[in-house]
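Participant: prediction below, plus the sequence it came from.
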Amino acid sequence: MRQKMLNLEGQRTESFMIKTIFNVHPYAMELPGGGEMQIMKYVQYMPGECEVILHDIWRPRLREARIFHHFHMVSGAEGFLAYVKSLHSKVVLSPNLWINATNSENLDLAQIRQYYEIADMIVCNSRVEIDNLSEFTDIPREKARVVPNGVDLSFVTPVSDSDFRSWADIRGPYLLSVGNIERRKNQLASIRAARSLGLPLICIGRIREKEYFDACVRDGPGDTFRFVGHLDQDDPRLAAAYQNCEAFLFPGQLETPGIAALEAAAAGAPVIITKEGSAREYFSDLVEYVDPNDQDAINAALARTLSRPRTNDLRHHIVSNYSWPHVVMHLLGHYLELGFNK
């Protein structure tokens, strides 16, 4: 069916209706993180020209769409993707992967290359992610495309902080961390930076690694480490937390670049973020970049950030370039390269 649609410049063009199936590994939504949030935002913001079907193993609809979009390269999906491809579907792969010394030894390169061979298109979150995967896994660059991570514009709208402060039992200034509690997110470094300035660190998220959480509790006595649990992404208390923090700390071992950091930036928070990953491609020179393994540098970056007056430069940059409606149009444009349902 031929329809009118908008391209990235807002011009109307002729197009076909597209159907795509989304798939992810079976336990992805048990403790969802940024990668899973990305999937659901694609669903939420996909324009009407593209119908998204969430794959259900009990009620499969594999023959209803010409595009099958698989997220993550968790072991075990290769055979299934090969079967899907045999049904004359185009397979799109989103690796959501950044490789460095913290994870390179645990990767099965032969398996990753099998994923690449099956895929007709590989969607990465940045150009530098393609470079990284090329260096470590020989990603076929001719298949690679970029669709950046995005942010909800709702975080820009001012929200009263009274409900958040009451819920979190916080009165004065605070620092903020949002994300699952795990080694990769490096909350211990954020706790130590907060402790160096005598400020509490509010941590919002789920506990993904209990032993690491226990280490955070030990390292952040009193009010230094304040774990308050999970907030849904559309909860106004989350927006209030971002908007009213002194700074947002995100010194993870690797990020591509992390949806929470984009949300914090859109909300107007100063951001300190890891240099490991693709953050610089998103945030330019508008944030502080840190080595996640250099505690003194993280402490110094936080002190510099708090000493500077706030500006709206970062917020304007992120909102202008990375809103979900804008991002999803990039994805739809790449789907158009692959073919259409008739």
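Facilitator: Structure received.
Participant: where along the stretch 51-200 of the chain do the helices fall?
Facilitator: 78-86, 109-118, 127-137, 162-168, 187-197 (DSSP state H, counting those that start in this stretch).
Participant: got JSON lines for these, with mean pLDDT too?
Facilitator: Shown next, in JSON lines, are the helices of the stretch 51-200 of the chain (pLDDT from 0 to 100):
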{"stretch": "helix 78-86", "mean pLDDT": "95"}
{"stretch": "helix 109-118", "mean pLDDT": "93"}
{"stretch": "helix 127-137", "mean pLDDT": "94"}
{"stretch": "helix 162-168", "mean pLDDT": "96"}
{"stretch": "helix 187-197", "mean pLDDT": "97"}
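Participant: so which of the ones you listed gets nearest residue 262?
Facilitator: When these are ranked by distance to residue 262, counting by Cβ to Cβ, first place goes to helix 127-137 at 15.1 Å. The C-beta positions use only the backbone N, C-alpha and C, and glycine is treated the same way.
Participant: which residues touch the closest one?
Facilitator: Counting contacts by Cβ atoms under 8 Å, 6 or more residues apart in numbering, the residues outside helix 127-137 that touch it are 95, 97-99, 104, 107, 109, 112-113, 116, 124, 139, 141, 144, 146, 256, 277-278, 280-281.
Participant: so that helix versus helix 109-118, what angle?
Facilitator: Relative orientation of helix 127-137 versus helix 109-118 (axes from the mean of the first three to the mean of the last three Cα atoms, to 10 degrees): 130 degrees.
Participant: least confident secondary structure element in this structure?
Facilitator: None of the helices or strands of the chain scores lower by mean pLDDT, DSSP states H and E than strand 2-6, at a mean of 48.
Participant: what is the longest strand of the protein by residue count?
Facilitator: Among the segments of the chain that qualify as a strand by DSSP state E, the longest is strand 18-24.
Participant: how far does it sit from the chain's center?
Facilitator: Here strand 18-24 shows a centroid-to-chain-centroid distance of 19 Å under the convention Cα atoms, centre = their mean, to the nearest Å.
Participant: how far is stretch 261-280 from where the chain is centred?
Facilitator: Averaging C-alpha coordinates over stretch 261-280 and over its chain gives two centres that are 11 Å apart (Cα atoms, centre = their mean).
Participant: returning to what we had before: strands paired with the longest strand of the chain, and their directions?
Facilitator: Each strand paired with strand 18-24, and its direction, by DSSP bridges: strand 50-54 (parallel), strand 67-71 (parallel).
Participant: next, the contact list for the residue lying closest to residue 107 once chain neighbours are set aside, please.
Facilitator: Distances taken as Cβ to Cβ, 6 or more residues apart in numbering put residue 99 closest to residue 107, at 6.7 Å, once the chain neighbours are dropped. For residue 99, the set of contacting residues under the criterion of Cβ under 8 Å, 6+ apart consists of 107, 132, 133, 135, 136, 137, 254.
Participant: show only the entries of the contacts of helix 127-137 found in strands.
Facilitator: Taking DSSP E, the ones among these that sit in strands are 124, 144, 146.
Participant: re earlier: which of the strands paired with strand 18-24 is buried the deepest?
Facilitator: For those, average neighbour numbers computed from mean count of other Cβ atoms under 10 Å are highest in strand 67-71, which has a mean of 24.
Participant: okay, angle between that one and helix 78-86 too, please.
Facilitator: 160 degrees.
Participant: out of the helices of the stretch 51-200 of the chain, flag the one nearest residue 285.
Facilitator: Between residue 285 and those, the tightest spacing by Cβ to Cβ is seen for helix 127-137, at 15.4 Å.
Participant: buried set for that closest one?
Facilitator: By 16 or more other Cβ atoms under 10 Å, the buried positions in helix 127-137 come out as 128, 129, 130, 132, 133, 136, 137.
Participant: pretty sure residue 108 contacts residue 73?
Facilitator: No. The pair residue 108 and residue 73 fails to qualify as a contact (Cβ atoms under 8 Å) at a distance of 9.1 Å.
Participant: compare these two (neighbour count), which wins?
Facilitator: In this comparison of residue 108 against residue 73, neighbours counted by other Cβ atoms under 10 Å, the higher total goes to residue 73 at 23 against 10.
Participant: what about the more buried one, distance to residue 235?
Facilitator: 31 Å (Cβ to Cβ, to the nearest Å).
Participant: check which helix or strand covers residue 30.
Facilitator: Assigned by DSSP states H and E, residue 30 belongs to no helix or strand.
Participant: could you report the pLDDT at it?
Facilitator: Predicted confidence (pLDDT) at residue 30: the value is 86.
Participant: what's the distance between it and residue 36?
Facilitator: Distance of residue 30 to residue 36, given as Cβ to Cβ: 9 Å.
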